[in-house]
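[1] sequence first, predicted model second:
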Amino acid sequence: MVSQPSRRTVRGAFVATAAVVAAALPTTPATAQPSAADALKKYNELSEQASKLNQDHLKAQGDLAAKQAELDKAKADLANAKKAEESLRGQVDVLTESTFQGARFNQISALLVSDSQQDFLNRMSAINILATDNAEALKGLTDAVNAADAATKTANEATEASKKLLDEIQQKKADLDKQLAEAKAQYNSLSQSVRNQLAQNGDMSNISVPPGTAGKALEFALAQRGKPYVYGSNGPDSWDCSSLIQAAYRYAGVSIGRTSYAQAAAGRQVSPSEIKAGDIIVYYSSQSHVAMAVDGIRAVHASTEGVPVRIADITSIGPISVVRRIEG
């Protein structure tokens with residue numbers, strides 16, 4: 001079982017950390033402290049906005065990959081439909097040519113040339129078979145042509161959708177780059193002492209994890225403490241918030257979505273009062289940030305650039321949107 005510190009202990013540690021940050025902020029002249037605090041607040045706000053844009057960009061990339069798969073299938077369906085159409089058209093041409101060459105008989109000619117009643121019946125049977133073959137071939141050709149038309153329409157629609165998604169991705173990437181530049185500039189405006197405080201690894205102590213899938217995922221996430229945050233990174237040397245959670249559960253043998261939006265729908269929902277080790281905690285109304293519970297009080301997460309993967313108090317990370325449980 002995970003060892004859970006008392007709320008008093010965690011609260012004390014949190015207050016102590018806050019005191020260190022406060023101490024790192026300049027105190028003279030008297031007006032300097034609010035300015036530094038405002039700069040840090042602004043940096044956090046810009047980082048949150050960049051995190052959302054990062055998740056939007058990742059989602060658009062995923063949508064494009066799915067749409068490309070649809071396009072590939074549509075193209076394959078179109079190729080198969082055209083092949084079937086060509087084959088059936090050849091069959092219809094052969095039957096039509098035979099008809100024009102007199103290979104087909106009508107009932108009167110069959111009667112006139114028959115030597116006996118049985119011969120007549122045999123000839124009529126052959127005529128019916130030829131007629132049936134021709135009707136089936138014509139129907140098959142019609143169906144193949146319709147299938148080819150439908151496949152062409154689907155392929156064209158998928159192509160257009162892919163183009164729109166590609167344009168959307170490029171726009172989201174431009175928005176993200178602009179937001180990152182603003183956040184970086186704000187980060188650089190912070191004092192060196194505050195930046196040093198942000199860069200601390202936090203609690204690096206050995207933490208026991210529960211057995212099972214959730215424990216294994218948590219084991220992986222905890223092992224990433226101290227690694228840097230990089231927007232859009234998929235590891236293993238750096239992470240963003242959702243790639244860390246995805247990789248942790250992949251390590252535990254469970255496949256979940258890449259974005260915080262997808263992870264907000266993974267598993268089943270539990271209330272914040274029920275949080276336990278391994279639960280996925282999604283933050284903000286936009287569901288743009290995600291962390292993994294260490295226990296009912298703490299969570300490990302990849303926060304933002306300039307801050308390494310580390311443990312934080314669950315409620316200090318931000319307003320909780322939803323808690324999802326993968327196991328149990």
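    Looks like it came in fine. Nothing here was measured: the structure is a model prediction, and the numbers come from that model.

[2] show me the shaky parts of this protein.
    1-36, 81-82, 84-85, 87-141, 144-145 (pLDDT under 70).

[3] 50 instead?
    Residue ranges of the chain with pLDDT under 50: 1-34, 100, 102-105, 108, 110-112.

[4] and the helices in it?
    7-24, 32-100, 107-113, 117-189, 192-198, 213-223, 241-251, 260-263, 314-317 (DSSP state H).

[5] per-domain residue ranges of this structure.
    67-189, 201-328 (automatic domain parsing).

[6] OK, contacts around the residue nearest to residue 176 when sequence neighbours are not counted?
    Take residue 176 and drop its neighbours on the chain: the residue closest to it by C-beta to C-beta, 6 or more residues apart in numbering is residue 53, 4.3 Å away. Quick note: C-beta positions are derived from backbone N, CA and C, even for glycine. Contact partners of residue 53, counting by C-beta atoms under 8 Å, 6 or more residues apart in numbering, are 172, 175-176, 179.

[7] most surrounded residue in those?
    Comparing the contacts of residue 53 by number of neighbours (other C-beta atoms under 10 Å), residue 176 comes first, having 22 neighbours.

[8] contacting residues for the spatially closest residue to residue 312 that is not a sequence neighbour?
    Distances taken as C-beta to C-beta, 6+ apart place residue 299 nearest to residue 312, at 6.3 Å, with adjacent residues excluded. Residues in contact with residue 299, defined by C-beta under 8 Å, 6+ apart, are 281, 291-293, 311-314, 317.

[9] whichever of those end up buried, select them in ChimeraX.
    Here is the ChimeraX selection string for the buried members of the contacts of residue 299, based on 16 or more other C-beta atoms under 10 Å:
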select :281,291,292,293,311,312,314,317
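
[10] now the two most distant members of the contacts of residue 299.
    292 and 313 (13.9 Å; C-beta to C-beta).

[11] any idea which of the domains of the chain is most buried?
    Across the domains of the chain, the average number of neighbours (mean count of other C-beta atoms under 10 Å) peaks for domain 201-328, which reaches a mean of 19.

[12] what is the end-to-end distance of it?
    Counting by C-alpha to C-alpha, to the nearest Å, you get 31 Å between the two ends of domain 201-328.

[13] now find how far off-centre that domain is within its chain.
    How far domain 201-328 lies from its chain's middle: 16 Å, per C-alpha atoms, centre = their mean, to the nearest Å.

[14] start to end distance for stretch 205-212?
    Where stretch 205-212 begins and where it ends lie 21 Å apart, using C-alpha to C-alpha.

[15] so what's the closest residue to residue 279 other than its chain neighbours up against?
    Once flanking residues are discounted, residue 279 sits nearest to residue 293: 4.3 Å by C-beta to C-beta, 6+ apart. Going by C-beta under 8 Å, 6+ apart, residue 293 touches 218, 275-281, 299, 314, 323.

[16] roughly how far apart are residue 76 and residue 298?
    Using C-beta to C-beta, to the nearest Å, one gets 50 Å for the distance from residue 76 to residue 298.

[17] then residue 321?
    For residue 321 relative to residue 298 (C-beta to C-beta), the value is 18 Å.

[18] residue 152 now?
    For residue 152, the distance to residue 298 - C-beta to C-beta - is 56 Å.

[19] how near is the nearest residue to residue 251 once chain neighbours are set aside to residue 57?
    Closest residue in space to residue 251, ignoring its immediate chain neighbours: residue 220 at 4.1 Å, by C-beta to C-beta, 6+ apart. Distance of residue 220 to residue 57, given as C-beta to C-beta: 25 Å.

[20] my guess is residue 251 contacts residue 222. True?
    No. Between residue 251 and residue 222 there is no contact under C-beta atoms under 8 Å: 11.4 Å.

[21] contacts only, for residue 327.
    Applying C-beta under 8 Å, 6+ apart to residue 327 gives the contacts 212-214, 254, 267, 278.

[22] would you mind giving those residues as JSON lines with distance to residue 62 added?
    As requested, the contacts of residue 327 are arranged in JSON lines below (distance: C-beta to C-beta, whole Å):
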{"residue": "212", "distance to residue 62": "28"}
{"residue": "213", "distance to residue 62": "24"}
{"residue": "214", "distance to residue 62": "25"}
{"residue": "254", "distance to residue 62": "18"}
{"residue": "267", "distance to residue 62": "19"}
{"residue": "278", "distance to residue 62": "24"}
